[in-house]
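1. Provided below are the primary sequence and the corresponding predicted coordinates.
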Amino acid sequence: MNVSLRIIPRKDPRDLTQPERFYVKAVKTGNCNLERLAYLISNQSTVREPDCLAVLNAFVHNMLDELGQGRVVELGDLGNFQVGVRSHGSDTPEEVNLTNIKNVVLNYRPSSKIKKRLKTMNFSIQGAQTP
């Protein structure tokens with residue numbers, strides 16, 4: 001397994017007069033949807049693909065329901081998901097209302113197993129020469 005990277009130039013948005021700097025960015029190589037996951041799981045078990053898909057769809061439905069009730073969804077080795085908000089500040093607590101909310105986000109905290117795996121992934125820069 002190898003994650004491809006590419007080099008991209010970026011200006012500093014805080015100071016556009018500064019010269020561009022170069023950064024690496026992970027390259028998307030495709031998507032994996034619920035149907036693909038169901039197919040992969042069915043090939044690794046005795047459960048049929050439609051049954052896997054039904055379970056995954058039920059999982060998504062129930063995860064959204066639990067998140068909507070303010071619960072942290074704990075998924076063992078995968079990690080935890082929780083709803084969060086980004087908001088504008090107000091001068092006093094009395095001025096705070098729902099219009100302070102800028103956007104709603106889904107916070108993800110990976111498990112220690114996922115964090116360890118991320119540290120051991122192989123990376124290569126597209127077009128770069130290997131020593």
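-> Cool, got the structure.

2. Quick check, central residue of the protein?
-> Central residue of the chain (C-alpha atoms, centre = their mean): residue 108, 6.9 Å from the mean position.

3. confidence score at the nearest residue to that residue once chain neighbours are set aside?
-> Excluding its sequence neighbours, the residue lying closest to residue 108 (C-beta to C-beta, 6 or more residues apart in numbering) is residue 81, at 5.6 Å. Heads up, the C-betas are built off the backbone N, CA and C, glycines and all. As summarised for this prediction, residue 81 has a pLDDT of 96.

4. Helices along the chain, start to end?
-> Under the criterion DSSP state H, helices of the chain are mapped to 34-43, 49-68, 112-119.

5. Take the ones you listed and lay them out in a markdown table including mean neighbour count and distance to residue 96.
-> What follows is the helices of the chain, written out as a markdown table (neighbours: other C-beta atoms under 10 Å; distance: least, C-beta to C-beta, whole Å):
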| stretch | mean neighbour count | distance to residue 96 |
| --- | --- | --- |
| helix 34-43 | 14 | 38 |
| helix 49-68 | 13 | 22 |
| helix 112-119 | 11 | 35 |
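
6. Could you double-check that residue 106 sits in contact with residue 84?
-> Yes. With contact defined as C-beta atoms under 8 Å, residue 106 and residue 84 form a contacting pair (7.4 Å).

7. Tabulate the helices of the chain (a markdown table), appending mean pLDDT.
-> Supplementary listing: the helices of the chain in a markdown table, determined by pLDDT from 0 to 100:
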| stretch | mean pLDDT |
| --- | --- |
| helix 34-43 | 95 |
| helix 49-68 | 96 |
| helix 112-119 | 95 |
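
8. Out of those helices, which gets nearest to residue 17?
-> Go through the helices of the chain one by one with C-beta to C-beta and the one that ends up closest to residue 17 is helix 112-119, at 35.7 Å.

9. hmm, who's touching the closest one?
-> For helix 112-119, the surrounding residues in contact (C-beta atoms under 8 Å, 6 or more residues apart in numbering) are 77, 78, 79, 110.
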